[in-house]
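From the sequence below, what's the structure:
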Amino acid sequence: MRHALALILSFSLFGCLGGSESSYAEYRNRNRSNLARIESGMSKSKVLEIMGVETHFTMTNPYKTEFIPSKEGMVEVVYYYTDYIDYRRGEDEMDGMTPIILKDNKVIGWGRKMLDDADFRQTLRIERR
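As a prediction, the model looks like this:
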């Protein structure tokens, strides 16, 4: 009887730690809904307030932050989990993220299309001498 109880508790704990697909779907949906409230010119602190700063099982809000060179100068990109990631089709975590792009702590845009736009990105050339 003790072993059965221990086994049930183990599975319950494992389920709580792993998170179900439906809980991830709710998390993605909430992030998408919150993303619709983001506006150009909004401060970074307001973005974090709207989008939330939390950990949901293995995902954090924001998922990742990086600085990249662009034609606007150096910009900060904050990524949020908004789309299903199909690992079986070769997708990775970044395929499920939506970037919010900030310059001087203000939103200048969002979405993968803006981030990948060749007119937006600045390429760095390193020449050998």
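
Of all the residues in the longest strand seen in the chain, which ones are buried?
Looking across the chain with DSSP state E, the single longest strand is strand 73-81. Within strand 73-81, the residues scored as buried using 16 or more other Cβ atoms under 10 Å are Val75, Glu76, Val77, Val78, Tyr79, Tyr80, Tyr81. To be clear about C-beta, it is placed using only N, CA and C from the backbone, and glycine gets the same treatment.

Stretch 102-109 too?
Here stretch 102-109 shows Leu102, Val107, Ile108, Gly109 as buried, counting by 16+ other Cβ under 10 Å.

neighbouring contacts of stretch 94-113?
Identification of contacts with stretch 94-113 by Cβ atoms under 8 Å, 6 or more residues apart in numbering yields 28, 31-32, 35, 38-45, 47, 51, 63-64, 72-73, 75-86, 114-115.

swap that for stretch 70-80, please
By Cβ under 8 Å, 6+ apart, the list of residues contacting stretch 70-80 reads 31, 35, 44, 47, 51, 61-69, 94, 97-103, 105, 108, 115, 119-122.
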